[in-house]
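[1] sequence below, structure please.
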Amino acid sequence: MPTQPYKNAAGKRIPSVTTVIGRFKESGALIHWAWDLGKQGIDYRAVRDAAADAGTLAHEMVEATIRRKPFPIEAQYPAEMWTKARNAFGAFEEWGKQTRLEPADTEVPNTCECHQVGGTLDTIFVQGQLSLGDWKTSGGVYPEYLIQLAAYRHLWDVNNPSRPITGGSHLLRFSKLGGDFTHHYWSDLSDAWQAFEHMRSLYDIMASLKQRT
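    Here you go, the predicted model:
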């Protein structure tokens, strides 16, 4: 992911897709979860970090493979965590063989002048048609993931008009707890893109209102 902020053609800093979406992310369930653990005398941060290990490791294995980076070293992880992550990675490899999708571009940063926003795509898959690929380590699939995919597709298309994404969007998810791998696909996310457009407009309105308080 880029370490430098996104900037428009005039050199002005602009928000990222994830920053815009995060401004309106539903946090009620997460707050309740942390509160419930607190009632039990459990530090939610310890639970969160322990639960994420297997899924995060599987995530790292996929990134290392697709981006041709050094693979995680087994000896650096507990045996149980490695086994769960390796099983999830094996499921990912099998999915890759079945779909025959090949990564064509990875970690692609783009900006959009029309919506004044930036973002970095995880990968572009190719098999006759181009499709968008993104991976998450999470406990489920949430609406904001679809919105993010729709926004990333727009960013790619406006910057690559001769190579538009016509093959849909793939989400590769790794479970936080067990590292299990699941694949989700959407051919059309026009409603999710509409949601992002509303979010982007409201993001600026909220920033303007904040200046008045």
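[2] use CA for all of it now, contacts and neighbours both
    Fine.
[3] show me where this structure has strands.
    102-112, 117-127, 129-138, 169-175, 181-186 (DSSP state E).
[4] just the ones you listed: most buried one?
    Among those, ranked by average contacts under mean count of other C-alpha atoms under 10 Å, first place goes to strand 169-175 (a mean of 23).
[5] re earlier: mind checking which of the strands of the chain is nearest Phe92?
    Of all those, strand 181-186 sits nearest to Phe92, with 6.6 Å by C-alpha to C-alpha.
[6] paired strands for that closest one, with orientation please.
    strand 169-175 (antiparallel) (DSSP bridges).
[7] ok, how many other residues are close to the nearest residue to Ala64 once chain neighbours are set aside?
    Once flanking residues are discounted, Ala64 sits nearest to Phe71: 5.5 Å by C-alpha to C-alpha, 6 or more residues apart in numbering. Number of residues near Phe71 (other C-alpha atoms under 10 Å) recorded here: 12.
[8] separation between Phe71 and Val108?
    Relative to Val108, Phe71 is positioned 21 Å away (C-alpha to C-alpha, to the nearest Å).
[9] over to Pro143?
    Applying C-alpha to C-alpha, the value for Pro143 to Val108 is 23 Å.
[10] next, the buried residues of stretch 150-157.
    By 16 or more other C-alpha atoms under 10 Å, the buried positions in stretch 150-157 come out as 150-157.
[11] just the residues you listed: which are in helices?
    150-157 (DSSP state H).
[12] which one among those gets closest to Asn8?
    Leu155 (12.9 Å).
[13] what sits against the closest one?
    Contacts were defined as C-alpha atoms under 8 Å, 6 or more residues apart in numbering; by that measure Leu155 touches 110-112, 118-119.
[14] could you check the pLDDT of it?
    Looking at Leu155, its pLDDT stands at 97.
[15] going forward, count from 56.
    Sure thing, new numbering starts at 56, so read that last one as Leu210.
[16] nearest to Lys265, of the buried residues of stretch 205-212?
    Scanning the buried residues of stretch 205-212 for proximity to Lys265, where the rule is C-alpha to C-alpha, the winner is Ala206, at 25.0 Å.
[17] pLDDT score for the residue nearest to Ala119?
    What the model reports as pLDDT for Phe126 is 90.
[18] Arg78: how many residues sit nearby?
    Count around Arg78 with other C-alpha under 10 Å applied: 13.
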